[in-house]
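Colleague: Sequence and predicted structure, then a few things I'm wondering about:
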Amino acid sequence: MKYYIVDAFTEKPFGGNTAGVVLLEGKNFPDDELMQSIAAELRYSETAFVRSDGNAHYTVRYFTPKGEVELCGHATVATFALLHQLGKATGKCLCHTLAGKLEIEAAKEVMMQMATPRIVATLSDTDAAAIYQAVGIHHYRPSLPVQSAYSGLTDVMLPVDTVEQLNNLQPDMTAISGITRQLQVVSIHPFAFGNDGHTAHVRDFAPAYGVPEESATGTANAALTHYLKTNGIITTGDHSFLQGEAMGRASVVCTRLTADGTILVGGKAALVAEGRLRV
């Protein structure tokens, strides 16, 4: 099996969000235990295992260092940018995942259709207060609701006042891990509005899945796009989210909201390294 290290949502190596990509040479996936071991060995937030099914159809499974997840936006962008760079995929492709079938545009800038978005729940004042406490904000009443939203994975959308406040958060990973397990969500996704042309600045904490903070998150920003539309902040069209500033790995995650409510997420990616797994 060939493996690749790819930085997604950036044009330059050592920026964006890094994913492992493993290209399978046959029609069968390895045992789950082996894929889990590979993901843990590579140590990136997600590793994508990719099988070609022919006729521009691909099946992709995603593993964090601690377990399998249904979908990962940045790993999908990394995968199809890589396939395009290797000459294995160009134009419209169909990606089969545990979250459903997704249409992908494989090009220098990959755009991927996300799972049908929805607001899952509006959190109680008690749960919202606990989350703010866990990220280091005390006695805060947000002007927008704290809601969990889904677009392949379920994440909590957490509004904060300013970009400065966002970048100065002091998250308690143990507390966040407990809260996300209790609420059955993948991450806490705080965001703030700036005046720099981006729709919002964001951070993402998913310690229960072995990812204390991610520098670019496709699924969570798709969910945030739906959240902002639902709450009357944005309308249809193209949007962008700046993530990873606090980690020194600034990433630009682009989303497109269509008139029928479909959300696409995309960006560019840079190949950093490649090798062969001897397992």
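Modeller: Sure, I can see it.

Colleague: Name the residue closest to the centre of the chain, please.
Modeller: residue 217 (2.6 Å; Cα atoms, centre = their mean).

Colleague: That one and residue 195: what is the separation?
Modeller: Noted for residue 217: a distance of 23 Å to residue 195, by Cβ to Cβ, to the nearest Å. The way it works is simple: take the backbone N, C-alpha and C, and place the C-beta from them, glycine included.

Colleague: Name the residues of stretch 140-158 that are buried.
Modeller: Of the residues in stretch 140-158, 146-158 count as buried by neighbour count, 16 or more other Cβ atoms under 10 Å.

Colleague: Among these, show me the least confident.
Modeller: Lowest pLDDT within these is found at residue 152 (87).

Colleague: doesn't that residue fall inside a helix?
Modeller: No. Per DSSP: H, G, I helix; E, B strand; the rest coil, residue 152 lies outside any helix segment and is coil.

Colleague: does residue 68 really touch residue 62, like I thought?
Modeller: Yes. Between residue 68 and residue 62 there is a contact under Cβ atoms under 8 Å: 6.7 Å.

Colleague: ok, the two, which is more surrounded?
Modeller: Counted by other Cβ atoms under 10 Å, residue 68 and residue 62 do not tie: residue 62 has more neighbours, with 27 against 15.

Colleague: thought the more buried one was touching residue 47?
Modeller: Yes. With contact defined as Cβ under 8 Å, residue 62 and residue 47 form a contacting pair (7.3 Å).

Colleague: any common contacting residues for the two?
Modeller: Shared contacts of residue 62 and residue 47, defined by Cβ atoms under 8 Å, 6 or more residues apart in numbering, comprise residue 75.

Colleague: Can you tell me, leaving aside adjacent residues, what's nearest to residue 27?
Modeller: residue 51 (6.7 Å; Cβ to Cβ, 6 or more residues apart in numbering).

Colleague: partners of the one you found in the sheet?
Modeller: residue 59 (DSSP bridges).

Colleague: Strands of the stretch 101-250 of the chain, start to end?
Modeller: Using DSSP state E, counting those that start in this stretch, the strands of the stretch 101-250 of the chain run over 110-113, 118-122, 147-150, 154-159, 187-192, 200-202, 237-243.

Colleague: mind putting those strands in TSV, distance to residue 141 included?
Modeller: Output for the strands of the stretch 101-250 of the chain, formatted as TSV (distance: least, Cβ to Cβ, whole Å):
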stretch	distance to residue 141
strand 110-113	36
strand 118-122	15
strand 147-150	15
strand 154-159	11
strand 187-192	15
strand 200-202	19
strand 237-243	24
